[in-house]
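In: Got a sequence here, can you model it:
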Amino acid sequence: MSFGGFQAQQPGLTQIDESTPWVAAGDGDLSLLQSSITQLGLSPNAADYNGFTFLHAACGYGRTEVIQWLLGLNKQDSIVIDVNAKDGDGDTPLHHCDDVDTAKILIEAGADPTITNGDGKTALEVKQDDLDEGDEEDDSDDEDRSKLKELVEFLTIKRDGIVE
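Out: Got it, this is the predicted structure:
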């Protein structure tokens with residue numbers, strides 16, 4: 001997943017362009033995300049040409065500090081961050097999660113694990129597919145696979161309504 005990049009003008013100074021907030025969200029750079037949103041005059045709900053929001057970007061990389069800040073805006077500033085926003089593929093931020101901690105934060109904030117994407121798949125089904133594909137690859141990372149297995153188990157529990 002790529003969000004573009006930014007170029008430094010001088011060491012320590014970052015040139016802010018239209019891709020900067022998505023890069024910052026994906027990198028977990030909360031300070032840069034906040035300053036670039038302000039400088040560019042964007043809403044915290046802003047989406048790129050593919051419907052990809054800052055929340056999608058942060059969830060794709062497990063950037064919990066950014067996720068919590070975005071969701072905290074709901075309470076602090078009466079800004080409604082859409083935890084079920086769909087990108088151009090119909091994927092919600094939950095579809096982009098790769099770890100349980102991120103998924104828990106989203107579900108506690110109201111993310112709906114039954115939403116399907118453009119392929120008709122829930123986040124659980126997408127992650128199960130990812131896990132199955134990893135079974136076919138010899139070079140899959142053990143830590144990533146372990147996190148993915150935990151996520152599939154967590155989403156299965158949520159789907160089945162099992163109380164933890």
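In: Off-centre distance for stretch 39-51?
Out: For stretch 39-51, the gap between its own C-alpha mean and the chain's C-alpha mean amounts to 15 Å (C-alpha atoms, centre = their mean, to the nearest Å).
In: Report the buried residues of that stretch.
Out: Within stretch 39-51, the residues scored as buried using 16 or more other C-beta atoms under 10 Å are 44, 47-48. From N, CA and C alone the C-beta is placed, and that goes for glycine too.
In: Show residues contacting that stretch.
Out: Contacts with stretch 39-51, where a contact means C-beta atoms under 8 Å, 6 or more residues apart in numbering, come from 3, 16, 18, 20-22, 36-37, 53-54, 70, 73, 79-82, 85-89.
In: Now the helix or strand harbouring residue 146: average pLDDT?
Out: Residue 146 is part of helix 142-160, with elements assigned from DSSP states H and E. Mean per-residue pLDDT for helix 142-160: 92.
In: How much space separates the residue most central in space within the chain from residue 99?
Out: Central residue of the chain (C-alpha atoms, centre = their mean): residue 59, 2.0 Å from the mean position. Here the criterion is C-beta to C-beta, to the nearest Å. By it, residue 59 lies 9 Å from residue 99.
In: Please apply the same query to residue 71.
Out: 16 Å.
In: Residue 86 too?
Out: 21 Å.
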